[in-house]
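> Need a 3D model of the sequence below.
(chains A, B, C and D)
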2 protein chains.
Amino acid sequence: MNDIAAAALPHEDVKKRCSTCSLRHLCLPLGLDQDDIKRLDEVITQRRKVSAGQHLFRVGDAFRSLAAVRAGFFKVYELGADGREQVTGFQTEGELLGLDAISGGVHRGNALALVDAEVCVIPFDRFEDLLTGLPGLQRRFHAILSASIVTSQTLMMMLGTMRAEHRLAAFLLDLSTRLGARGRSPTLLQLPMSREDIGNYLGLKLETVSRVFSQFRREGLVAVAGRAIEILDIDRLRALVSGVLRR
Amino acid sequence: MNDIAAAALPHEDVKKRCSTCSLRHLCLPLGLDQDDIKRLDEVITQRRKVSAGQHLFRVGDAFRSLAAVRAGFFKVYELGADGREQVTGFQTEGELLGLDAISGGVHRGNALALVDAEVCVIPFDRFEDLLTGLPGLQRRFHAILSASIVTSQTLMMMLGTMRAEHRLAAFLLDLSTRLGARGRSPTLLQLPMSREDIGNYLGLKLETVSRVFSQFRREGLVAVAGRAIEILDIDRLRALVSGVLRR
DNA sequence: CGAAGTATTGATGTACTTCAACGCCTGTGG
DNA sequence: CCACAGGCGTTGAAGTACATCAATACTTCG
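Model (predicted):
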């Protein structure tokens, strides 16, 4: 099963798709002309490398800028009053970090790089100023914020109503979709996070995650080799999530 | 215990606090001058009454405007693929409805008035145009969107890590805080929603909600008379949520 | 090679659900 | 006015999905 591990995550360079940063990539279809892009480039100048195991920011850090992930994978998590951890999301290429810190001016979560990563730094003051002159970009930014609300609500729905197998299926499909949209293989996934992280995100314990993976393997839904996952029957996975397959 | 029912929710008029609408109220501390307020008033002209049991919008409705709740209480819920309901939030005075529809242009949830309600209609196109000219308002709007993300994430955390009693305690405290901030009693709550709605929101069954209410009553944390709730020991309730009181 | 982190699998425990019965309240029609 | 139905809430008994505890294997790295 080592072929899976080898084939997943073709980590070639992503620079072709966005010359400066993923946010610019997000904005290109918005009718920004050369001038607008130049102004955007003037705001987004700084890049930052974050190696695996390092934090990009931590709870309580002053919020001064958003970060657009250029490469790599982040886990964002909070710590409850009694120290229990709750993972609130996994962010990869083209996704923004720090949106929840705009209100409050302080980061609410810890952003940890799960693999070596790189981000574009977007100073928020200057970015907001820029928005007032670029209605298309403003509109886009509001849509991004709104989409982030939708993502959280979808997860809420999962945590509130779904069973363990449905949650894991939904998780795999979400990852597949997001990676597929970024030109990666939608069926060969190299998970950057542990079973414990997945479980934490899904409101499950790591043993349960492991058991469900094994169950999926037995049922021929996926091939599992540690953190390398191949989706074998995406239709049945989808059917599981949509509740067509009840027990 | 009828005194509780009588005392809760003094439903007198709210016009004193915000002459046109709750959003304007939100914006007043932002250094908007008379001119700015006038421009805001020109955009927010329409009000709409929604009587109890009526929907303000439904899934799939075209998104053209946000709604600021002036009075009453809404429940926003989604229906899963198989018809299961998931309540994503309860909105009251001064809170916005429809933020999740900005991306996509279509409402993702159903907004149902639990009691007679009234909203201010905020045409979103014109509102966005207005933002470009009013940096303070823009900033405030971004903060509102961001706060909405935080709210969802907090609920995620609850659903993912907390036990039934902790969830209900957190729910009561959240309600208490929000109503308190709006000049209502923070200890005498007249819940506008059923046990089933609460359970659905918290990822629990209605029987469980009922049992936990009874448990809280036995422990002297709250007085319960149907939907009229009096918080008797807010400190112990807080201790429960923060995990200080483990079993 | 040994140590530490990570994953799998089994046995047992439990928090919550499900099923069911009953009481309370409100409204409606005879 | 009372009878009765339907919605909502409470409480008990039994069932189940997941957690917890525990043993073992795998993977990585010094």
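
> Roughly how far does the residue sitting nearest the centre point of chain A sit from residue B:86?
The residue lying closest to the centre of chain A (CA atoms, centre = their mean) is residue A:91, at 2.4 Å. Look at residue A:91 and residue B:86: by CB to CB, to the nearest Å, they are 24 Å apart. (C-beta placed from N, C-alpha, C; glycine too.)

> Could you identify the helix or strand that succeeds whichever strand or helix holds residue A:180?
Per DSSP states H and E: residue A:180 is located in helix A:164-181. Where DSSP H and E defines the elements, the next helix or strand beyond helix A:164-181 is strand A:188-190.

> Which strands or helices does that next one pack on?
helix A:2-7, helix A:164-181, strand A:228-231 (3 or more CB pairs under 8 Å, 6 or more residues apart in numbering or on different chains; DSSP states H and E).

> for chain A, what spans make up the helices?
A:2-7, A:22-27, A:34-43, A:124-133, A:135-161, A:164-181, A:195-202, A:206-218, A:234-241 (DSSP state H).

> what does the domain assignment say about chain A?
Per automatic domain parsing, the structural domains of chain A span A:11-151, A:162-241.

> who wins for proximity to DNA strand D among those?
domain A:162-241 (3.2 Å; CB to the nearest atom of the strand).

> Quick one: mean pLDDT over the closest one.
Mean pLDDT, computed over domain A:162-241, is 96.

> what about that domain, how long is it end to end?
By CA to CA, to the nearest Å, the extent of domain A:162-241 from end to end equals 8 Å.

> any idea how far the nearest residue to the residue nearest to the centre of chain A once chain neighbours are set aside is from residue B:59?
Closest residue to residue A:91 apart from its sequence neighbours, by CB to CB, 6 or more residues apart in numbering or on different chains: residue A:74 at 4.6 Å. Using CB to CB, residue A:74 is found at 32 Å from residue B:59.

> before we move on, what about residue A:77?
31 Å.

> okay, these two: which has more neighbours?
Between residue A:77 and residue B:59, residue A:77 has the larger neighbour count (other CB atoms under 10 Å in any protein chain shown), namely 20 against 15.

> ok, now how distant is the more buried one from residue A:86?
Taken as CB to CB, the span from residue A:77 to residue A:86 is 6 Å.

> still on that earlier bit, for my notes, please list the helices of chain A in TSV and give mean neighbour count and distance to residue B:242 for each entry.
Formatted as TSV, the helices of chain A follow (neighbours: other CB atoms under 10 Å in any protein chain shown; distance: least, CB to CB, whole Å):
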stretch	mean neighbour count	distance to residue B:242
helix A:2-7	13	43
helix A:22-27	21	37
helix A:34-43	14	40
helix A:124-133	16	31
helix A:135-161	21	20
helix A:164-181	19	26
helix A:195-202	22	19
helix A:206-218	16	25
helix A:234-241	17	34
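
> Compare those helices and give me the one nearest chain B.
Checking these against chain B by CB to the nearest CB gives helix A:135-161 as the closest, at 3.4 Å.

> For the closest one, name the packing helices and strands.
Counting by 3+ CB pairs under 8 Å, 6+ apart, helix A:135-161 packs on helix A:22-27, helix A:34-43, helix A:124-133, helix A:164-181, strand B:85-92, helix B:124-133, helix B:135-161, helix B:195-202.

> would you list these in JSON lines and tack on distance to residue A:231?
As requested, the helices and strands packed on helix A:135-161 are exported to JSON lines (distance: least, CB to CB, whole Å):
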{"stretch": "helix A:22-27", "distance to residue A:231": "25"}
{"stretch": "helix A:34-43", "distance to residue A:231": "36"}
{"stretch": "helix A:124-133", "distance to residue A:231": "37"}
{"stretch": "helix A:164-181", "distance to residue A:231": "6"}
{"stretch": "strand B:85-92", "distance to residue A:231": "26"}
{"stretch": "helix B:124-133", "distance to residue A:231": "38"}
{"stretch": "helix B:135-161", "distance to residue A:231": "24"}
{"stretch": "helix B:195-202", "distance to residue A:231": "31"}
